[in-house]
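Asks: Provided below for reference: sequence and predicted model.
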Amino acid sequence: MDMQEYQGRIKGVLITKEEIRRRIAEVGAEISKEYEGKPLLLVSVLKGAFVFMADFCRAVTVPCEIGFMRVRSYFDSTVSSGEVEILMDLDQDISNYHVVLVEDIVDTGRTLSLLVERLKQRNPLSLEVVTLLDKPDRRVVDFQADRVLFTIEDRFVIGYGLDCGELFRNLPDIAEYDVDYAAEVTV
Ligand code: IMP
């Protein structure tokens, strides 16, 4: 992708880094209050949540450990079932921890609902989901995160860790991806 297309694909900033920073401070304070004195493990699913996790964990002021997972999910569109394969697992035995799953976005909700089920089978002391973004209009399974930083409309977003074809993760703000860009320049 050349520089012109790269910039053209970024339709506009939806949520600025300052807005993100403010919400992270609020939710980080909530988590710090709730889990003070408890063994806390923040878990992120790579790669989309890596930027959010880096900022979020620094807004948590109580002792906590950090863990990362990589998963791949498969869905059968004819039946509403799916599988989640764990490609990289946690080092920690989560039965000794209160787990906070730090996610980038809840879209259809399928991956996260399967992952939450898998993690609950390991008997954590408690488990909750914090998501940076929520697109409730896109939901196909009944799944609700416990804490949502921003609820957005059904738009494809990039930046702040979120990608399109592995690009744009390094944008500092959350922007809308212009799906029609190529059509605009060829007509
Ligand atoms: P779902 O909730 O199982 O549909 O999957 C959520 C995953 O899809 C997220 O973790 C993202 O990796 C990806 N995703 C969904 N919507 C977007 C978006 O707007 N931008 C970038 N990635 C997205």
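Replies: Arrived safely, thanks for sending. Numbering: from 1, shown residues only.
Asks: where does pLDDT dip in the chain?
Replies: 77-81, 183-187 (pLDDT under 70).
Asks: which helix in it has the most residues?
Replies: helix 17-34 (DSSP state H).
Asks: in it, what's buried?
Replies: 20, 23, 24, 27, 28, 31 (16 or more other C-beta atoms under 10 Å). Backbone N, C-alpha and C define where each C-beta goes, glycine included.
Asks: for residue 128, see how far away the nearest residue to the fifth one once chain neighbours are set aside is.
Replies: Spatially, and ignoring its direct neighbours in sequence, residue 28 is nearest to residue 59 (2.5 Å; C-beta to C-beta, 6 or more residues apart in numbering). Remark: distance between residue 59 and residue 128 (C-beta to C-beta, to the nearest Å) = 16 Å.
Asks: over to residue 90?
Replies: Relative to residue 128, residue 90 is positioned 16 Å away (C-beta to C-beta).
Asks: looks like residue 102 contacts residue 53 (just checking).
Replies: Yes - counting by C-beta atoms under 8 Å, residue 102 touches residue 53, with 5.0 Å between them.
Asks: shared neighbours of those two, anything?
Replies: 42, 44 (C-beta atoms under 8 Å, 6 or more residues apart in numbering).
Asks: CA atoms only: put the longest helix of the chain into CSV for me.
Replies: Taking C-alpha atoms only, helix 17-34 is exported to CSV below (Å, rounded to 0.1, in the frame of the first residue of the first chain):
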residue,chain,number,x,y,z
LYS,A,17,-5.9,9.5,22.2
GLU,A,18,-6.9,12.1,24.8
GLU,A,19,-10.4,10.7,25.1
ILE,A,20,-9.0,7.2,25.3
ARG,A,21,-6.5,8.3,28.0
ARG,A,22,-9.4,9.9,30.1
ARG,A,23,-11.6,6.8,30.0
ILE,A,24,-8.6,4.5,30.7
ALA,A,25,-7.9,6.6,33.8
GLU,A,26,-11.5,6.2,35.0
VAL,A,27,-11.8,2.5,34.4
GLY,A,28,-8.3,1.9,35.7
ALA,A,29,-9.3,3.6,39.0
GLU,A,30,-12.5,1.4,39.2
ILE,A,31,-10.4,-1.8,38.7
SER,A,32,-7.8,-0.7,41.2
LYS,A,33,-10.5,-0.1,43.8
GLU,A,34,-12.4,-3.3,43.2
